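Asks: Could you look at this predicted model? Sequence included:
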Amino acid sequence: MPCSPGEIGQLFLFEKLAPEQLGRLCAEGRVELFEPGPVYTEGQDATCFYVLLEGTVVLSRRVGEDDVETNRTSQRGVYAGAMQAYVGDRLPQVYTNSMRVTEPSRFFVLPADTFAAVMREWFPMAVHLLEGLFFGAKNSQRTIGQRERLLALGSLSAGLTHELNNPAAAAVRATSTLRERVAKMRHKLAVIAEGPFSRDALAELIEIQERTAERVAKAPSLSPLEASDREDALGDWLADHGIEQGWQLAPTFVQAGLDTEWLEQVAAAVDEEILPGAVGWLNYTVETELLMNEIADSTARVSHLVNAAKQYAQLDRAPYRTVDVHELLDSTLLMLSGKIGPRIQVVKEYDRTVPEVPAYPAELNQVWTNLIDNAVAAVNGAGGEGTLTVRTALHHDRLLVEFRDTGPGIAPEIRERIFDPFFTTKPVGEGTGLGLDISWRIVVNKHHGSLQVESVPGDTRFQVLLPLTATESAPTGPAAAADRAVFADATAETDMTSTSKSDTETDAASKTDATSKTDSTEETV
């Protein structure tokens, strides 16, 4: 269709251009009429810059399997398409959204190469400023993102070291004590051997020792009241049979699951004059078994923590594979247990029937880390006591992983900003403002899922939705904020109780020649 310099000169985008500049645009560009349907598709090579002359356009973004409408407008002069052609090969030149028209619509269409050339020729200073702003923001985001990961790694390392130190120290203490008990047992055995024991009495005593060791392994759990009553009964029995300091032996016997009936069997097997020595010898047997149990528990705890660390870091695992999200969640919760602390109750509402999903498990663990860290910070900010609930379920054809905390909630006025990069409500030095942005990119860009939040005071829920099957086509193109220009009338503020990043991101162009709206990118509250 014919291009009129007078018509395009009336648009806010071109109203300051000279007649010869308008003439060049018309000579190298074109006016094109599109029937209802698609104009271009997200991910295609960005070959043209589009400016609406008349009609109605709809912009959308691909989120998982869905096309999410981000804007709809009929305002003349709004623009979209190859908006960053002036950057050149330093950035993949692809459409970052899809555009369609709902009625016959006319566009002024400028080839991307021509758009880049006139920008550099007519506005060299502006191009330098825009490039500096765009790449500077990306470099800052990359640098801060690396620092965010290092901070998270440092926090996890400190927590893991603390968790490993407890069982390791317990094993060391138990080993040292065990060495003393074995030495005393040898001494006691020598004393018994020198006494007037018959062969049958010694055999009976050794058999009681074996049964004692078996009872230690099967000792029942007693309530504090039951344990106290049994200690009193054993202490009285030992005192009645002339065994000194029986009150010191009673707690050990109770812990091993022994009672007065067992002591009666010992008394029946040996003479009265050697009963104290026999009971002392069996006490060393009990203590030895208890110490070995403590060592076994401690070393098993260390092994469990090491396995959890390997699971969390996904060492020696394929970067992309089918995984059970519950294993990932459990390993992350264990790694963060030191940070969560005893005042926050962790509730797991797992639906174990959900299938495994294809994913990058190490990166999902990073998402869980960021969301759990935010929840813990929220609860701590509300007094330090509360509940963190981790829930999994099927949601239509997706897997839902939800993190719910009882913190103060996210204020409506900042809810739509929490995913913006560098935005944080944490004190200076505690938050970089990239955790939620990184999480959103991992969930949406790499896994083709969605991340959203619902929040009221006392109930904040971050919900991750992951596809159950591998998605063939991945979102392409830069994910930086500057890739998301906004059509003129696109940004109407809404008071919503539920916000997702796809709700806050829109792709198109800005309204005035004075201000071009660029989207930032997102992070943690």
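Replies: Perfect, thanks for sending it.
Asks: which residues touch residue 100?
Replies: Counting by C-beta atoms under 8 Å, 6 or more residues apart in numbering, residue 100 touches 36-39, 57-58, 60. Glycine gets a C-beta too; all of them are placed from N, C-alpha and C.
Asks: 7 Å - rerun?
Replies: Going by C-beta atoms under 7 Å, 6 or more residues apart in numbering, residue 100 touches 37-39, 58.
Asks: Give me the phi and psi for it.
Replies: Backbone torsions for residue 100, taken as degrees, to the nearest 10, come to phi -140, psi 160.
Asks: So in terms of bridging, what pairs with it?
Replies: On the basis of DSSP bridges, residue 100 is bridged to residue 38, residue 58.
Asks: now it: how far from residue 166?
Replies: 60 Å (C-beta to C-beta, to the nearest Å).
Asks: What residues of the helix or strand containing residue 389 count as buried?
Replies: Taking DSSP states H and E as the definition, one finds residue 389 inside strand 386-395. In terms of neighbour count (16 or more other C-beta atoms under 10 Å), strand 386-395 has its buried residues at 386, 388-392.
Asks: And stretch 268-284, by the same measure?
Replies: Neighbour-count burial for stretch 268-284, with 16+ other C-beta under 10 Å as criterion, is recorded at 269-270, 274-284.
Asks: how about these in a markdown table, adding pLDDT?
Replies: Output for the buried residues of stretch 268-284, formatted as a markdown table (pLDDT from 0 to 100):
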| residue | pLDDT |
| --- | --- |
| 269 | 72 |
| 270 | 71 |
| 274 | 71 |
| 275 | 78 |
| 276 | 79 |
| 277 | 75 |
| 278 | 77 |
| 279 | 81 |
| 280 | 78 |
| 281 | 76 |
| 282 | 80 |
| 283 | 81 |
| 284 | 79 |
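Asks: The residue nearest the centre of the chain: what secondary structure?
Replies: Centroid-nearest residue in the chain, with C-alpha atoms, centre = their mean: residue 368, separated by 1.2 Å. In three-state terms, and counting by DSSP: H, G, I helix; E, B strand; the rest coil, residue 368 is helix.
Asks: need the contacts of residue 100 in TSV with neighbour count, distance to residue 337 and pLDDT, can you?
Replies: Converted to TSV, those look like this (neighbours: other C-beta atoms under 10 Å; distance: C-beta to C-beta, whole Å; pLDDT from 0 to 100):
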residue	neighbour count	distance to residue 337	pLDDT
37	8	55	91
38	11	51	91
39	21	52	91
58	18	48	90
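Asks: Out of the residues you listed, which is nearest to residue 50?
Replies: Of all the contacts of residue 100, residue 50 sits closest to residue 39, with 6.9 Å by C-beta to C-beta.
Asks: can you tell me which residues contact that closest one?
Replies: Residues in contact with residue 39 (C-beta under 7 Å, 6+ apart) are 50, 99-101.
Asks: Quick check: which ranges of the stretch 101-250 of the chain have low pLDDT?
Replies: For the stretch 101-250 of the chain, applying pLDDT under 70 flags the ranges 133-165, 188-189, 191-198, 201.
Asks: Kindly recompute the last result at 50.
Replies: Applying pLDDT under 50 to the stretch 101-250 of the chain picks out no residues at all.
Asks: Would you state the strands of it in chain order?
Replies: Listed from the start of the chain, the stretch 101-250 of the chain has strands (DSSP state E, counting those that start in this stretch) covering 105-111.
Asks: so how far is the helix or strand following the strand holding residue 389 from its chain's centroid?
Replies: Using DSSP H and E, the next helix or strand after strand 386-395 towards the C-terminus is strand 398-405. Chain-centre distance of strand 398-405: 11 Å, with C-alpha atoms, centre = their mean, to the nearest Å.
Asks: and the helix or strand hosting residue 289, what does it pack onto?
Replies: Using DSSP H and E, residue 289 sits in helix 275-313. Under the contact criterion of 3 or more C-beta pairs under 7 Å, 6 or more residues apart in numbering; DSSP states H and E, helix 275-313 touches helix 124-194, helix 199-217, helix 246-255, helix 260-269, helix 325-335.
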